[in-house]
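>>> Sequence first, then the predicted structure:
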Amino acid sequence: MDQEIRACDVLVIGSGAGGLSAAYTAAREGLEVVLIEAADRFGGTTAYSGGGALWYPANPVLRREGTEDTVADALRYYQAVVGARTPPELQETYVRGGSAVIAYLEQDQNFQFLPLAWPDYFEELPGAQTTTARQIIPAPLSATDLGVWHEVLRNTLDTDRLGAPAPELIVGGRALVARFLLALSAYDTASLLLNTALVSLDTDAGSVTGAVVDHAGEQGVIRARRGVVLAAGGFEQHAPMRRRYGVPGASKDSLGAPTNTGAAHRAAIAVGASVDLMDQAWWAPGIVQPDGGAVFTLDFPAGIFVNSSGTRFMNESAPYDRAGRILIEQLPEEDRVPRFWFVYDDRAGAMPPAGIPMVSLVEREAYERAGLWHTADSIPALAELIGVPPPALSETVARFNQLVAAGADSDFQRGATVYDCFFHEGARPLTPITEGPFHAAAFGLSDLGTKGGLRTDASGRVLTEADGVIPGLYAAGNTMAAPSGEAYPGGGNPIGTSLLFGHLAALDLAGMPSDTQTPGPDTETVQAAVRRYLDAVSSGSGASIAALYAPTATVEDPVGHPPVRGIADIAAFYAGLDANDAVHAVLTDEVRVAGPRAVIPLAITLTRAGQQTVIRPVNVMTLDREARITSMRSFYGAGNMTLPRD
């Protein structure tokens, strides 16, 4: 990037769900947007999510499936979980907003979602849902579907951590990111820049007016006429900030993107932003890998957790964030990077019965060499190897086996909830530890990222300590203080919150009400309008083409002539076609529909006096709710896609 000042309507910092949602919404609402990403690939922590789930109760996808649920029930549940820890308007905005944002996205054929049946994490509270879905996930797509964008999509955790080959099928959070990238490619007003990091925010008379950014060691200023959206993730990868705010765990144990260093937090604080929940994260137990980092892990059909005293201290099958918080409660104040042991027998072999580690397990020998996995012929001998008192571990294992024999865990209620049994087809995960040899694997406290951040209102506007709004500054995702407070109500909350508040921030910047879904026709109507346009062009009649436009429409050719505005001038513009003997228009590629817009790649053959001229524009058509054309922009050359730039 050179030293020149670049200008746009909206500047978005970060390319996870929140940043991409903000950029997409801003572009779709007619704003010029620049999105910057500090890494060399798009996706942030969202791309590392195996599911990419969105907790949006009673949304259109679920309603089409006949899901029996209501937003009122979901709100009662969410408020019971979170309590008074966060503003009630933020809680209600999140729970009620999910359905509207999915309706908004589904107007664009690039977005497809599937229902996910996944129980809420506090089923004992009113309004909890355990028998049907409140989550949806993005439909998978292939690397071929993604095209050139696949080269700049963040890799999977296995690829980044283990060097595994990139999969052909794009699923989970990567699929959500991929669908946003495809959708954004329809908008020439959206520019997406890689390797570009936030340095500081620019202000004028208290309003945020842009940012100083760094690209490959060179700094420049991007001006934002309307505002800046900070969606750059948390600060989990910045050890000094973790220490300053007392976040349990360590950077090496986090699954947050490597670039999540809190730069957006610090930049906002420097201009007067207030923060909340800064000691919080999205936690889980994590198996320790040979590189020393604990990796978020789910699904324990067997085995027990024991502490340094050799005693059991939790329900191993509890929802992961609840389990992480139980672990934190066990810690001495000075021990913020815990390690504990997972003890199991040999009935399923020597590998730990941990069904879903977020980074795949490697060869056993690597863990043994690192002192992380141990095997012994007896429980006392195993205790010696892992440094816990042999009598205590023997007593702990004997007690657990008694509970299993009795058919119920009266100590920690393992298997008493739907979530506990979710990964085991409803069976209680109570398996005795009786078949030697016996094994132990090292575990720690992992996280999906920090959840403390900038305080905002329900539109994502960043607040000062005095609850005033900082004009021009918005936040979403883990840069924003989470509406869920010190709890994790259900799977899909982090990405769901991020996507929604990025969307709401952009709507506010565009001057749209938060419950607005862009008025316009559905996909089939847009496709029909494209066919009418092709037929009108091929008719060679300028009047027939002009008749498709709204009275105040605009026609623009960026490389040809100034914009033509108003139906009279548009009719005069197209009248030039009447001089041709024949006009023929055909599609050269698939029409892409994004809400009320269509991207139309054309070859138009003009025949006059026996000579033919072929032009190959890519037209971007925008329609109003009556399916009249409100704008038509023509582009020539490689196409209308704004590619990431180094």
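Looks like it arrived, so ask away.

>>> can you count the residues close to Ala550?
A count of neighbours around Ala550, defined by other C-beta atoms under 10 Å, yields 18. Just so you know, the C-beta spots here come from the backbone N, C-alpha and C atoms, and that holds for glycine as well.

>>> Tell me if I'm right that it and Met632 touch.
No - with contact defined as C-beta atoms under 8 Å, Ala550 does not count as touching Met632 (10.9 Å).

>>> just for the stretch 401-550 of the chain, where's the confidence low?
Regions of the stretch 401-550 of the chain meeting the criterion pLDDT under 70 cover residues 513-520.

>>> Would you map the strands across it?
If DSSP state E, counting those that start in this stretch is used as the criterion, the strands of the stretch 401-550 of the chain fall at 438-450, 453-454, 461-463, 469-475, 549-557.

>>> Out of those, the one nearest Val530 is which?
strand 549-557 (14.1 Å; C-beta to C-beta).

>>> Quick check: buried residues in the next helix or strand after that closest one?
The element immediately downstream of strand 549-557 (helix or strand, assigned by DSSP states H and E) is strand 561-565. The neighbour-count check on strand 561-565 (16 or more other C-beta atoms under 10 Å) flags Val564 as buried.

>>> can you check stretch 432-440 too?
Along stretch 432-440, the positions that meet the burial threshold by neighbour count (16+ other C-beta under 10 Å) are Ile433, Gly436, Phe438, His439, Ala440.

>>> First-to-last residue distance for it?
End-to-end distance for stretch 432-440: 15 Å, by C-alpha to C-alpha, to the nearest Å.

>>> Sketch out the low-pLDDT regions of the stretch 1-150 of the chain for me.
Regions of the stretch 1-150 of the chain meeting the criterion pLDDT under 70 cover residues 1-4.

>>> tell me the mean pLDDT for stretch 180-190?
Confidence over stretch 180-190, taken as the mean pLDDT, stands at 95.

>>> Give me the residues contacting that stretch.
Residues outside stretch 180-190 that contact it (C-beta atoms under 8 Å, 6 or more residues apart in numbering): 17, 20-21, 23-24, 26-28, 30-35, 42, 108, 110-111, 145-146, 149, 153, 192, 592, 594, 597, 599, 620, 633, 635, 640-642.

>>> For the stretch 51-200 of the chain, which segments count as strands?
Going by DSSP E, counting those that start in this stretch, the stretch 51-200 of the chain shows strands at 54-55, 113-116, 135-138, 141-142, 169-170, 190-193, 196-204.

>>> Glu168: how many residues sit nearby?
Counted with other C-beta under 10 Å, the burial measure for Glu168 works out to 9 neighbours.

>>> Now it: closest residue in space, sequence neighbours ignored.
What sits nearest to Glu168 in space, not counting adjacent residues and going by C-beta to C-beta, 6 or more residues apart in numbering, is Ala143, at 5.3 Å.

>>> Val10 pairs with what?
Taking DSSP bridges, one obtains Val33, Gly227 as the residues bridged to Val10.

>>> Quick check: the gap between it and Ala133.
Distance of Val10 to Ala133, given as C-beta to C-beta, to the nearest Å: 33 Å.

>>> These two: which has the busier surroundings?
Counted by other C-beta under 10 Å, Val10 and Ala133 do not tie: Val10 has more neighbours, with 29 against 22.

>>> residue contacts, that one?
By C-beta under 8 Å, 6+ apart, the contact set of Val10 is 22-23, 26, 31-34, 224, 226-229, 506, 509.

>>> do Ala53 as well
Under the criterion of C-beta under 8 Å, 6+ apart, the neighbours of Ala53 are Leu116, Trp118, Gln135, Ile136, Ile137, Gly491, Gly492, Ile495, Gly496.

>>> would you list those residues in CSV and tack on distance to Gly173 and neighbour count?
Conversion of these to CSV gives the following (distance: C-beta to C-beta, whole Å; neighbours: other C-beta atoms under 10 Å):
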residue, distance to Gly173, neighbour count
Leu116, 13, 19
Trp118, 15, 20
Gln135, 13, 30
Ile136, 13, 25
Ile137, 9, 26
Gly491, 12, 26
Gly492, 11, 23
Ile495, 7, 29
Gly496, 12, 28
